[in-house]
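In: Take a look and give me a structure for this.
(chains A, B, C and D)
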Protein chains: 4
Amino acid sequence: MSRIAYFGPQGTFTEQAARTLAPDDELVPVETTPSALAAVRAGEADAACVPVENSVEGPVTATLDSLAEDEPLVAVAEALLPVHFSVLARAEAGEIRTVASHPHALAQVRRWVEANLPGARPVATSSTAAAAVAVQNGEFDAAVTAPVAVEHYPLRVVATGVADVADARTRFLLVRRPGALPEPTGADRTSIVAAAPNRIGALSELLTELAFRGINLTRLDARPIKENFGHYLFFIDFEGHVAEPRIGDALAALRRRCSNVRFLGSHPRADGVRATIEPNAGNHDFTDAVDWVAAVRKGELA
Amino acid sequence: MSRIAYFGPQGTFTEQAARTLAPDDELVPVETTPSALAAVRAGEADAACVPVENSVEGPVTATLDSLAEDEPLVAVAEALLPVHFSVLARAEAGEIRTVASHPHALAQVRRWVEANLPGARPVATSSTAAAAVAVQNGEFDAAVTAPVAVEHYPLRVVATGVADVADARTRFLLVRRPGALPEPTGADRTSIVAAAPNRIGALSELLTELAFRGINLTRLDARPIKENFGHYLFFIDFEGHVAEPRIGDALAALRRRCSNVRFLGSHPRADGVRATIEPNAGNHDFTDAVDWVAAVRKGELA
Amino acid sequence: MSRIAYFGPQGTFTEQAARTLAPDDELVPVETTPSALAAVRAGEADAACVPVENSVEGPVTATLDSLAEDEPLVAVAEALLPVHFSVLARAEAGEIRTVASHPHALAQVRRWVEANLPGARPVATSSTAAAAVAVQNGEFDAAVTAPVAVEHYPLRVVATGVADVADARTRFLLVRRPGALPEPTGADRTSIVAAAPNRIGALSELLTELAFRGINLTRLDARPIKENFGHYLFFIDFEGHVAEPRIGDALAALRRRCSNVRFLGSHPRADGVRATIEPNAGNHDFTDAVDWVAAVRKGELA
Amino acid sequence: MSRIAYFGPQGTFTEQAARTLAPDDELVPVETTPSALAAVRAGEADAACVPVENSVEGPVTATLDSLAEDEPLVAVAEALLPVHFSVLARAEAGEIRTVASHPHALAQVRRWVEANLPGARPVATSSTAAAAVAVQNGEFDAAVTAPVAVEHYPLRVVATGVADVADARTRFLLVRRPGALPEPTGADRTSIVAAAPNRIGALSELLTELAFRGINLTRLDARPIKENFGHYLFFIDFEGHVAEPRIGDALAALRRRCSNVRFLGSHPRADGVRATIEPNAGNHDFTDAVDWVAAVRKGELA
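Out: A predicted model of the protein is given here:
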């Protein structure tokens, strides 16, 4: 049984994702996302479950920055959780005067609270689970939490499936130290982070390398490197698995052109969406072309 | 005197930015960044001061999403604030057992707190200024705040210039309803948000349009549109002012190729960095080329 | 009535093209293609009819080089002639022992001659019409000529429609001094010659400028400039007319990026093939985008 | 000793090139350039020496078309000959009334003849050497020939180094059946012919594949395929040797994207110009990148 570190305490969305990704393993709560990754780097945990992207909030910068720096880690699986909250309380709904949660969570249920708990005052806590603890301790009247929290804290469920944006989702990664990669499935995602000089055209050329190989981008974040003014860091997600010839060919091109590229993992997509394959851009097209060059070099022209 | 809405209460970093951007105007605190923008749209304020980007945390999604949706607004100025905190307290430093602030602020001073206030427990509040209020009310011992907070709350300054990351900065925008644009200065920034179908190559081609005109990208965020699966939203910042021929030419190309483009503003850069101008990509090169085509059309070949 | 200079003597393919392009004008034979263009430059002729491209032989370098150098001239019309020869003789076919023509013509009927006039010896003359003259003078037995030659020389027609390659065609231009351009028809061709430094990527970027505007290339010839080692000359033909917004926009981009661009004309295509118009690349898309930028500059956001 | 077919008769420029390229081999004159290539394909000759490009006249279409069609052949060496003519005669210069040569040669010495042999009448022959034969036979007064002709025909040298364009040069290839390639030298040229659908952007993308790998184009000819309307044939020459990783990588990309690519050879350049190598585009950069991908696939991240 492996040890999986996650951003706790018990009852967070991250615990819920960790249960999905590692149902039979030991889940170990830690205080922050970076400390979950540090535990893996230090060998204190076998893997970490960390949020990487929220469809409303965007990238989880703390996760991405930690993956880009320090010792390399590799994502081997992902989970996609709907951001639907439960509202837990001690008292009757009519008597709720304070609603506690992580500020991000409060922001995502603001309209629901105004409509359903009029007059209730929002109170910030350090995590959604910490809010449940505080309600349990009598500090506040209600907590906005992940659905899983009810399993840990003996509170009454006021509402479930609460969310101002109906289809908001958070993507989580299961991250390990480098080692054997998951097998390609045809519905995979590959992630990298690349550093490049802030030369005009640098990013457009990198993306053209992917486009020319028919590779579908699924996310991009480009921003200055704080310690190195004039340089940029590109976090790029795209369809496909590094074991595929078409993806390996693209990664080699990016590697050659960037001052630095770090591979962040290839793993099955949680949504099961299969990669788009364009004409002349299937894996056999890439291997056929390489074979043709080998034949030309040997003086054999088919 | 204009009314400038900002994310309050008094004493936040946003107030500090608003003072820089509109020193002679009336500053009106509101509860959230989106409500500051809503106040401008509703005509209740003349402008809003909002955070748009943090060098550590990345883009401020709430601001960007609100600018991309609803009625168009235009940024007319920006301010760049170092993220240096002050620690304010009622009691002597030796007696500090709880440290309150917004969770983002707590994250950015964690190492400082561990080193300088060992054993102090972090407590989340809804803003840095709300922490100062709570300290003033006796709820907690110390608050991690914007430097400006000391002007509003009669607390003792334990430390200033506190930051785990020395050079972290937040960029703020002054946003108005559409109207006359600021004059170009040669050191300007233009921002747009573009929607495009998730066709392979769509983004690389848009960036190539900019690169081919020698325009320097300063930031890019590309992500799925939540309500429109398969479509992407690109937030793009680049050097230059829409009044310049070279920038107008580029914006026309982007407008033509995207299903939608929204102009978010052209204004002087807070850091005063002048735009890079590549050979054959100065404004006179663009106007000369247009003049040449006009001459060709008239049958005059110089 | 205008004076049209053409590569003579009477009876050449060029005369045949000139008759098509200028049926009511005075046709003036001159000795070479460059001298036809020189006559226009000197004002001795109003226009010249010159071959520009053969589907078997490729570009007519003498024409292209003369258009690229000296005083600018502009093509205002084109004709497309099938390269079908007539064989003219004094004597019976059985007695033909010598077959005269221009070497290019002899090359294009070699197989026909071997099959139909076995044993006949090919003899080179300076033009196809010169061969007819020589046959008339009794120097040789048969001439391979343009169909029109029979109208000038009283010879017997041995065969017509002779060609080893069935569908070979030559394209001819009617060239004038700069002045009013032909009206756009929707089925036009534009020609330019551009000089660019032999920087890696220079040509691919120029072609990308055209491709990004959805402009269909119809011919390209790229070669070193003989007097300027390291520089290249690109002869580029594409669909469309400079009066169109989409073409004007593309030409301005090429003009800006090249050390030199010369406009060689916009005129209806002889084959009547209408220009391909890609999505988002119609003329109204270009004008709409320019109008949008103008509105943005005025502070009006629709 | 090999048998080298060339476009004869003895005394042509092609013979002169063949002597340079195969000084110790048996040179076999044939009637045309295509028949020289046919002799190699049929095994009647070991190699052919053929002209491929003239700095004034452009590509030699007959050579390129024959290399693009029929059985594949491969160029293994090239020679670059200055196009300087000799003028050979029987009589004194004062008595020269007719000047014979191939029409291309006559075109390239027209100004010299007008200045130095005023009143002399130009007469076309099937080759420059055929003109020398005719002068020898008493048919004409003088012949414009390759310098080598004087070794075959006992004529008086009226002038040498004759050329209206001082630095015109013709490039010749030595072409064999597929087999072992010449070793790379660092100053090589690779030639291909590619067929691609006439999709907008097809050619710009192929050239971008080369540019993105830092490969310098030395010549390009793009034209419609006569039998396949709407398709284009691209003859592309560039610096480098297929045995190099950077060139092999580029050729694989072109092969994958084109409906057909034919390799026409990699061989040392006659002018000895070494390939330009751009930053990040040396052969070791390509092999390092491939090695990195292999390490990533094995789960080893350096």
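In: Identify the residues contacting residue A:25.
Out: When contacts are counted by Cβ atoms under 8 Å, 6 or more residues apart in numbering or on different chains, residue A:25 touches A:1-4, A:46-47. For every residue, glycine as well, the C-beta is placed using N, CA and C.
In: and the stretch 101-250 of chain A, which of its residues are near chain D?
Out: Taking Cβ under 8 Å from any Cβ of the partner chain as the criterion, the neighbours of chain D within the stretch 101-250 of chain A are A:178-181, A:205, A:208-209, A:212, A:242-243, A:248.
In: Can you say which of those residues are buried?
Out: When those are checked for burial by 16 or more other Cβ atoms under 10 Å in any protein chain shown, the buried set is A:178, A:181, A:205, A:208-209, A:212, A:242-243, A:248.
In: which residues touch the most centrally placed residue in chain A?
Out: Note on chain A: the residue nearest the mean C-alpha position is residue A:52, at 2.5 Å, using Cα atoms, centre = their mean. Applying Cβ under 8 Å, 6+ apart to residue A:52 gives the contacts A:59-60, A:63-64, A:75, A:78, A:171-173.
In: lowest-pLDDT helix or strand in chain A?
Out: For chain A, scoring each helix and strand by mean pLDDT, DSSP states H and E identifies strand A:121-124 as the least confident one, at a mean of 80.
In: where does chain A dip in pLDDT?
Out: Flagging of chain A using pLDDT under 70 yields the residue ranges A:91-94, A:226-230, A:302.
In: residues making contact with the biggest helix by length in it?
Out: Among the segments of chain A that qualify as a helix by DSSP state H, the longest is helix A:283-297. When contacts are taken as Cβ under 8 Å, 6+ apart, the neighbours of helix A:283-297 outside the stretch itself are A:213, A:244-246, A:249, A:301-302, D:181, D:242-243, D:248, D:251-253, D:255-256, D:261, D:263.
In: starting at the chain centroid, how far to the helix or strand just after the least confident helix or strand of chain A?
Out: Tracing the chain past strand A:121-124, the next element assigned as helix or strand by DSSP states H and E is helix A:128-136. A distance of 25 Å separates the C-alpha centroid of helix A:128-136 from that of its chain, computed with Cα atoms, centre = their mean, to the nearest Å.
In: close to chain B, is the helix or strand that helix A:128-136 is followed by?
Out: Helices and strands here follow DSSP H and E; after helix A:128-136, the next one along the chain is strand A:142-145. No - if you take Cβ under 8 Å from any Cβ as the test, strand A:142-145 misses chain B, and the best it gets is 13.1 Å.
In: Return the list of strands paired to strand A:142-145, each annotated with direction.
Out: Strands adjacent to strand A:142-145 in the sheet, as given by DSSP bridges, are strand A:85-89 (antiparallel), strand A:98-101 (parallel).
In: Mind listing residues that contact the last one?
Out: Think strand A:98-101. Identification of contacts with strand A:98-101 by Cβ under 8 Å, 6+ apart yields A:85, A:87, A:106, A:109, A:113, A:117, A:120-125, A:128, A:131, A:134-135, A:139-145.
In: 10 Å instead, please
Out: With Cβ atoms under 10 Å, 6 or more residues apart in numbering or on different chains as the contact definition, strand A:98-101 has outside contacts at A:85, A:87-89, A:105-109, A:113, A:117, A:120-125, A:127-135, A:139-145, A:158, B:124.
In: Tell me how many other residues surround the nearest residue to residue A:273 once chain neighbours are set aside.
Out: With Cβ to Cβ, 6 or more residues apart in numbering or on different chains as the criterion, residue A:273 has its nearest non-adjacent residue at 5.9 Å, and that residue is residue A:187. Per other Cβ atoms under 10 Å in any protein chain shown, the neighbour tally for residue A:187 reads 16.
In: Please spell out which residues along stretch A:223-242 are buried.
Out: Within stretch A:223-242, the residues that qualify as buried by neighbour count (16+ other Cβ under 10 Å) are A:223-224, A:226, A:231-242.
In: farthest-separated two in these?
Out: A:226 and A:241 (31.5 Å; Cβ to Cβ).
In: Now do the helices in the stretch 201-302 of chain A.
Out: A:202-212, A:245-257, A:283-297 (DSSP state H, counting those that start in this stretch).
In: quick one, which of those is nearest to residue B:192?
Out: Between residue B:192 and the helices of the stretch 201-302 of chain A, the shortest separation by Cβ to Cβ is 15.6 Å, and it involves helix A:202-212.
In: Just name whatever secondary elements that closest one is in contact with.
Out: In this structure, helix A:202-212 packs against strand A:188-197, strand A:217-224, strand A:231-239, helix A:245-257, helix B:202-212, strand B:217-224, helix D:202-212, helix D:245-257, with contacts taken as 3 or more Cβ pairs under 10 Å, 6 or more residues apart in numbering or on different chains; DSSP states H and E.
In: quick one: the fifth one to chain centroid distance?
Out: Per Cα atoms, centre = their mean, the displacement of helix B:202-212 from the mean C-alpha position of its chain is 23 Å.
In: tilt between it and helix A:202-212?
Out: Relative orientation of helix B:202-212 versus helix A:202-212 (axes from the mean of the first three to the mean of the last three Cα atoms, to 10 degrees): 140 degrees.
In: circling back: adding distance to residue A:41 as columns, could you present the helices of the stretch 201-302 of chain A in TSV?
Out: Shown next, in TSV, are those (distance: least, Cβ to Cβ, whole Å):
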stretch	distance to residue A:41
helix A:202-212	28
helix A:245-257	23
helix A:283-297	34
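In: just so I know, which of those helices lies nearest residue C:24?
Out: By Cβ to Cβ (comparing all of these), the closest turns out to be helix A:202-212, at 52.8 Å.
In: follow-up on the earlier one: of the contacts of residue A:25, buried ones?
Out: Among the contacts of residue A:25, the ones that count as buried by 16+ other Cβ under 10 Å are A:3-4, A:46-47.
In: got the residues you listed as TSV, with distance to chain C columns?
Out: As requested, these are exported to TSV (distance: Cβ to the nearest Cβ, whole Å):
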residue	distance to chain C
A:3	51
A:4	48
A:46	47
A:47	44
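In: with those residues in mind, which one is nearest to residue C:277?
Out: Taking Cβ to Cβ as the measure, residue C:277 lies nearest residue A:47 of those, at 53.9 Å.
In: Kindly list the main-chain dihedrals of the closest one?
Out: phi -160, psi 170 (degrees, to the nearest 10).
In: Nearest residue to the residue in the stretch 1-150 of chain A positioned nearest to chain C in space, ignoring adjacent ones along the chain?
Out: In the stretch 1-150 of chain A, no residue comes nearer to chain C than residue A:58, which is 24.8 Å away by Cβ to the nearest Cβ. Distance criterion Cβ to Cβ, 6+ apart; nearest residue to residue A:58, sequence neighbours excluded, is residue B:61 at 4.5 Å.
In: for the one you found, what are its contacts?
Out: Residue B:61 makes contact with A:54, A:56-59, B:33, B:221, B:223, B:235, according to Cβ under 10 Å, 6+ apart.
In: Recalculate using a threshold of 8 Å.
Out: Under the criterion of Cβ under 8 Å, 6+ apart, the neighbours of residue B:61 are A:56-58.
In: Would you format the residues of the stretch 101-250 of chain A next to chain D as a markdown table with distance to residue A:284 included?
Out: As requested, these are arranged in a markdown table below (distance: Cβ to Cβ, whole Å):
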| residue | distance to residue A:284 |
| --- | --- |
| A:178 | 29 |
| A:179 | 29 |
| A:180 | 25 |
| A:181 | 21 |
| A:205 | 27 |
| A:208 | 23 |
| A:209 | 20 |
| A:212 | 18 |
| A:242 | 17 |
| A:243 | 14 |
| A:248 | 14 |
